[in-house]
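**Q** sequence below, structure please.
(chains A and B)
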Amino acid sequence: MSLSELLRMLVYVVGVMAFVGLNAAYLVLAERKGAGRFQRRPGPTEVGYAGWLQPVADGVKLLCKQLIVPPGADAALFRLAPLLVMIPAMMSLAVIPFSETLVGRNINVGLVFVFAFGAINVMAVMLSGWASRNKYAIISAARVVSQDVAYEIPMLLVVITMLMATGTMNLHEIVQQQAGWFWHWNLFRLDLNPLMPVTFIIFFTCMLAETNRAPFDMAEAESELVAGAFTEYAGMGFGVFFMAEYANIVVGCAMTTLLFLGGWQSPFGVGSGVIWFLLKMYAVVFTVIWVRWTFPRTQFYNLLNLSWKILIPLSLFTLILTAVMMKVLRA
Amino acid sequence: MKKYLKEIGGGFYSLMLGMRVTLAQFFKPTVTVHYPHESLKMTPRFRGHIELVRDPKTGQAMCFACKVCEKACPSDCIIVEGVKKEGEKRKSVTEFKLDFTKCSLCGSCVEACKSNAIQFSKAYNMVSMNKEDFIMNLFQKLESERSADGQATATPPPEQPKSEVP
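**A** Numbering: from 1, shown residues only, chains lettered A, B, ... in the order given. Predicted coordinates for the structure are as follows:
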């Protein structure tokens, strides 16, 4: 391995960590500001100019708190769980192409890589619930597993649909196929599958469920389960879970952008670059926040019903439709 | 099948309507009052603690220590004392104490007062670490207000040479 290769790796590791850290910190602020605006109040305003230093104050406060391992808890797993939530989110960012040239590692199975690491998130939340030795945490853990299993199926069916439509698992190539005007984006490629917008909505819904965001925040469900799987966590242990939630949102929104919204491609065919990727990604992030502050958390059964009765049949249908169209139209 | 699709479509439409409502709120100005920096003006009917009313002509207290309020108070939190001064028709108040820690803000004293000598104040920002701060000497407060007022309105005395100031 040459020195330049080593340097490149180091720069990317530091870059990804900084990107995740900054996003986690400032998406919390964006969430609070956004929540405020949706409720006709300005959100945090006291720390720094218009509350811009609020994440720093929160971070310092969390760092000052003691990390308590409850008696009877499985100390090793209890400490391991926050790491297991955070690391997969960072790993996923290594293969996400920010622009034509800006990518940590351009691997051929990028699509599978991201979803494989996304699945670890579920296990980590379950571990934290299990290791806490707390009834609320264990109820939450059971919910997380059943919910995320239910939503992983339609999500992966959609991914298979996209895989069939694009013919590659390389994220870089998937984006390159969407070059040109915005009707070349996969979202508007009705010639591949006339139900593409429906596929997009299924994917977005499953992404919300996978990141445990309201209205799918059964893991936290503070009005029923205190703080769910995170009940026993204090200080930065809790903070890392929180940061991981936002890191996962970033990864989910980045995947939505890459798969459906043309990644770094400009909607007008010229001036493509990292700026378009970030613009689209943060627009999706805004939608995530917007959805959270619009819809209340529903009953658990309804969430499972939504997945098993609506999303899975619909995504199966789009999968079959894509297969048929490929066979009939392009044969 | 038709019902199933209709249900999905209808449900999705209603979700979109909800999203539209919240987005419309997002772009409207905020409506909250930022309490330590801003505060709401109290309404005219607000019932704060009671205070003595001044006669607009003389500037003295309207109260003539008839002690009706003292008797009307269900929690015994008012103490009134007065003296009859030489050459005046009525008594004048010399002490008016309110123990606000006991007051239930029922307003019986204000209702009982025949000469409209007491009224509700608009003060509501009342916080203290000392119980003594809420045993209020309302007469003293009125007098100090009166002297402050008098200084503000009276013409300033002609300037004295500096040497004469002790």
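**Q** so how many other residues sit close to A:Glu210?
**A** 23 (other CB atoms under 10 Å in any protein chain shown). Placement of C-beta: from N, CA and C, glycine included.
**Q** got it, and B:Cys73?
**A** Neighbours of B:Cys73 using other CB under 10 Å come to 21.
**Q** pLDDT score for it?
**A** pLDDT recorded at B:Cys73 is 88.
**Q** check A:Ala30 too.
**A** pLDDT, A:Ala30: 89.
**Q** please apply the same query to B:Thr153.
**A** We note a pLDDT of 53 for B:Thr153 in this prediction.
**Q** okay, now whichever residue of the stretch 201-331 of chain A sits closest to chain B: neighbour count?
**A** Of all residues in the stretch 201-331 of chain A, the one sitting closest to chain B is A:Thr294 (4.3 Å; CB to the nearest CB). The tally of other residues near A:Thr294 (other CB under 10 Å) stands at 18.
**Q** what's the spacing between it and A:Cys206?
**A** Counting by CB to CB, to the nearest Å, the gap from A:Thr294 to A:Cys206 is 18 Å.
**Q** which residues touch stretch A:160-175?
**A** The contact list for stretch A:160-175, computed with CB atoms under 8 Å, 6 or more residues apart in numbering or on different chains, reads A:95-97, A:103, A:106-112, A:114, A:177, A:186, A:189, A:192-193, A:199, A:258-259, A:262-265, A:315, A:318-319, A:322-323, A:326.
**Q** the residue sitting nearest the centre point of chain B sits in which helix or strand?
**A** Centroid-nearest residue in chain B: B:Lys122, 1.9 Å away (criterion: CA atoms, centre = their mean). B:Lys122 is part of no helix or strand when elements are defined by DSSP states H and E.
**Q** SS state for the nearest residue to it once chain neighbours are set aside?
**A** Ranked by CB to CB, 6 or more residues apart in numbering or on different chains and with sequence neighbours excluded, the top spatial neighbour of B:Lys122 is B:Met42, at 4.4 Å. Following DSSP: H, G, I helix; E, B strand; the rest coil, we place B:Met42 in the coil state.
**Q** residue contacts, B:Met42?
**A** With contacts defined as CB under 8 Å, 6+ apart, B:Met42 is in contact with B:Gly48, B:Lys122, B:Tyr124.
**Q** that one and B:Asn116: what is the separation?
**A** Distance, B:Met42 to B:Asn116, using CB to CB: 20 Å.
**Q** residues near B:Glu95, how many?
**A** 14.
**Q** dump the residue contacts of it.
**A** By CB under 8 Å, 6+ apart, the residues touching B:Glu95 are B:Ile79, B:Val80, B:Glu81, B:Gly82, B:Asn137, B:Phe139.
**Q** now it. Its backbone dihedrals?
**A** In terms of degrees, to the nearest 10, the main-chain angles of B:Glu95 are phi -150, psi 130.
**Q** for it, give me the pLDDT.
**A** Note on B:Glu95: pLDDT of 85.
**Q** I'd assumed B:Gln119 was in a strand, is it?
**A** Yes. Applying three-state DSSP, one finds B:Gln119 inside a strand.
**Q** wait, what's in contact with the nearest residue to it once chain neighbours are set aside?
**A** The shortest distance from B:Gln119 to any residue other than its chain neighbours is 5.3 Å, reached at B:Val53 (CB to CB, 6+ apart). Contacts for B:Val53 (CB under 8 Å, 6+ apart) come out as B:Ala61, B:Met62, B:Cys63, B:Asn116, B:Ala117, B:Ile118, B:Gln119.
**Q** distance of B:Val53 from B:Ser121?
**A** Distance, B:Val53 to B:Ser121, using CB to CB: 11 Å.
**Q** contacting residues around the residue nearest to the residue of the stretch 201-331 of chain A closest to chain B when sequence neighbours are not counted?
**A** Among residues not flanking A:Thr294 along the chain, B:Thr22 sits closest, at 4.3 Å (CB to CB, 6+ apart). By CB under 8 Å, 6+ apart, the residues touching B:Thr22 are A:Phe38, A:Trp290, A:Trp293, A:Thr294.
**Q** then A:Asp191?
**A** Contacts of A:Asp191 were listed using CB under 8 Å, 6+ apart, and they are A:Leu329.
**Q** SS state for it?
**A** Three-state call for A:Asp191 (three-state DSSP): coil.
**Q** do the same with B:Asp76
**A** With three-state DSSP as the basis, B:Asp76 sits in coil.
**Q** what is the neighbour count of the residue lying closest to it once chain neighbours are set aside?
**A** Distance criterion CB to CB, 6+ apart; nearest residue to B:Asp76, sequence neighbours excluded, is B:Lys102 at 7.1 Å. By the measure other CB under 10 Å, the count of residues near B:Lys102 is 14.
**Q** check B:Val21 too.
**A** Neighbours of B:Val21 under the rule other CB under 10 Å: 12.
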